[in-house]
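In: what's the 3D shape of this:
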Amino acid sequence: MVASISVRKSVAAAAAYYQHMGKDDYYAREGEAPGRWEGRAAERLSLEGSVSKSDFEAALEGLDPRTGERLILANGIAHTAGWDMTFSAPKSASVLWALSAETERQTIEAAHQNAVNKTLKHLENNHAWARRGRRGSIKERTAGLLVAAFDHHTSRDLDPQLHTHAFIFNLAPRHDGSWGAIVGRELYLAQKEAGRIYRAEFANGLERSGVEIAREADSFRVTTIPRDVERAFSKRREAIEKAAETYGYTSTKGMEMAALRTRKPKQEMNREALLSMWREEAKTLGFDLAKQQNLTPKPEIIQARGHEYSLEMRLNLDAKTAQTQAEKHARTQPQKAIQPPNIARLLQRLAVTLDGPSRMSGIRFSLRQKERNLERD
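Out: Numbering: from 1, shown residues only. Reported below is the predicted structural model:
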């Protein structure tokens, strides 16, 4: 559930990483390059859309993928190829994604990708430094980062695990237009901060789509997914914890060793087979997502003068009730009596007004649904 970071020291290791990313991603179609370009440095190099193998390898070599121009020199020191910063969704969000219908899966994944992109922009603006001078001894702010992002959806135990590998190239533009290697230590120092920003942005995105969440310290969980179901889809975590207990690992380094000891080769399985397997597993656990809240945004609530009405209830007030109210007002205040308005037209205008952003005084909108029935005469 944290943003992890690891280095790819050589160009050869990073090139193999690209192949690994494509093989792991069961969403990658045959003949289609995996990944997508992110970062302002990608814009400078006219890199957009999917990440091709040739463009990826050119950037690793410090070359402009479009022109072949050399952008940086090693300056006599071993050139680190880049860093893999991985953003992993809370397990409950991954399980919700796996058990939802296609449209809802797209909504959840879009919220995840948006959170990743916002975090990368934060790193660009606050923690990206380029080297300059003899042996890179001088550091200065970069004008952006070059990132290849690869979206994956499973753990090594074939549990649902929504996560993105963001490969940050050791290549960045300076503000004077020149290019240089970046200071990797700054990325490590920003790791925990990046994780917090990612989770906060992801939580906000899910809430906007109508998903109910509970915030826990600097993270969150989807309340629709029971904890026992969440745990059942966490086989990888259980394996690591068991290995840590067996070998007496307690430190962060020890847990990394436990992860390596329990690491399995990635298994290949197509999308539909995985989704079917996950639905069956949930069924054996006695969990049916359809009986829980769905991802449809909750009905809007109109609050005015201390009363709350759902948008649907408010617009469905029948003309007879509204007419009765108008006639009563005319009888009690004859000096201000007016002809009853065209109720249908008023309701139509109200619907149009409420369909878009509103600045009407005394009215505010809430996405939280409250079960309160409107009594009618």
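In: What segments of the stretch 101-250 of the chain are helices?
Out: Assigned by DSSP state H, counting those that start in this stretch, the helices in the stretch 101-250 of the chain fall at 102-126, 184-189, 191-208, 227-232, 235-247.
In: can you tell me which of these comes nearest to K291?
Out: helix 227-232 (12.8 Å; C-beta to C-beta). For every residue, glycine as well, the C-beta is placed using N, CA and C.
In: got the buried residues for the closest one?
Out: 229-230, 232 (16 or more other C-beta atoms under 10 Å).
In: With distance to G68 as added columns, please give those in a markdown table.
Out: Shown next, in a markdown table, are these (distance: C-beta to C-beta, whole Å):
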| residue | distance to G68 |
| --- | --- |
| V229 | 52 |
| E230 | 49 |
| A232 | 51 |
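In: May I see the helices of the stretch 101-250 of the chain organised as JSON lines, with distance to A214 and mean pLDDT added?
Out: Output for the helices of the stretch 101-250 of the chain, formatted as JSON lines (distance: least, C-beta to C-beta, whole Å; pLDDT from 0 to 100):
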{"stretch": "helix 102-126", "distance to A214": "16", "mean pLDDT": "96"}
{"stretch": "helix 184-189", "distance to A214": "30", "mean pLDDT": "91"}
{"stretch": "helix 191-208", "distance to A214": "10", "mean pLDDT": "96"}
{"stretch": "helix 227-232", "distance to A214": "11", "mean pLDDT": "92"}
{"stretch": "helix 235-247", "distance to A214": "19", "mean pLDDT": "54"}
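In: Pipe these into CSV and attach distance to G39 per row.
Out: Below are these laid out as CSV (distance: least, C-beta to C-beta, whole Å):
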stretch, distance to G39
helix 102-126, 6
helix 184-189, 13
helix 191-208, 14
helix 227-232, 33
helix 235-247, 30
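In: Of the ones you listed, which is nearest E140?
Out: Evaluated with C-beta to C-beta, those place helix 184-189 nearest to E140, the distance being 11.8 Å.
In: Summarise which helices and strands that closest one is packed against.
Out: On a contact count with 3 or more C-beta pairs under 8 Å, 6 or more residues apart in numbering; DSSP states H and E, helix 184-189 meets strand 3-8, strand 82-88.
In: before we move on, the earlier item: can you tell which of the helices of the stretch 101-250 of the chain is closest to L47?
Out: With C-beta to C-beta, the closest approach to L47 among the helices of the stretch 101-250 of the chain belongs to helix 102-126: 14.5 Å.
In: list the buried ones in that closest one?
Out: 104-105, 107-109, 111-113, 115-124.
In: same thing with stretch 214-222?
Out: Buried residues in stretch 214-222, counted by 16+ other C-beta under 10 Å: 219-222.
In: my guess is T224 contacts E212, does it?
Out: Yes. With contacts counted by C-beta atoms under 8 Å, T224 reaches E212, the gap being 6.4 Å.
In: neighbour count winner among those two?
Out: Between T224 and E212, T224 has the larger neighbour count (other C-beta atoms under 10 Å), namely 20 against 15.
In: quick one: the more buried one from Q113, how far?
Out: 21 Å (C-beta to C-beta, to the nearest Å).
In: for E43, same thing?
Out: Using C-beta to C-beta, E43 is found at 18 Å from Q113.
In: How about the contacts made by P90?
Out: Contacts here follow C-beta atoms under 8 Å, 6 or more residues apart in numbering; on that basis P90 touches 1, 199, 219-222.
In: export the residues you listed to JSON lines and tack on distance to E281?
Out: JSON lines is the format used below for these (distance: C-beta to C-beta, whole Å):
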{"residue": "M1", "distance to E281": "21"}
{"residue": "R199", "distance to E281": "25"}
{"residue": "S219", "distance to E281": "24"}
{"residue": "F220", "distance to E281": "23"}
{"residue": "R221", "distance to E281": "19"}
{"residue": "V222", "distance to E281": "17"}
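In: Out of these, show me where the pLDDT dips lowest.
Out: Lowest pLDDT among the contacts of P90: M1, with 44.
In: D176: which of the buried residues of helix 227-232 is nearest?
Out: Of all these, D176 sits closest to E230, with 50.0 Å by C-beta to C-beta.
In: so that closest one touches S92, yeah?
Out: Yes. Counting by C-beta under 8 Å, E230 touches S92, with 4.9 Å between them.
In: Pull out the CA atoms of stretch 109-118 and give them to me as CSV.
Out: Once non-C-alpha atoms are left out, stretch 109-118 reads as follows in CSV (Å, rounded to 0.1, in the frame of the first residue of the first chain):
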residue,chain,number,x,y,z
GLU,A,109,-8.7,2.5,-12.7
ALA,A,110,-9.1,6.0,-13.9
ALA,A,111,-9.1,7.3,-10.3
HIS,A,112,-5.9,5.2,-9.6
GLN,A,113,-4.1,6.5,-12.8
ASN,A,114,-5.1,10.1,-12.0
ALA,A,115,-3.7,9.7,-8.5
VAL,A,116,-0.4,8.4,-9.9
ASN,A,117,-0.1,11.2,-12.4
LYS,A,118,-0.8,13.9,-9.7
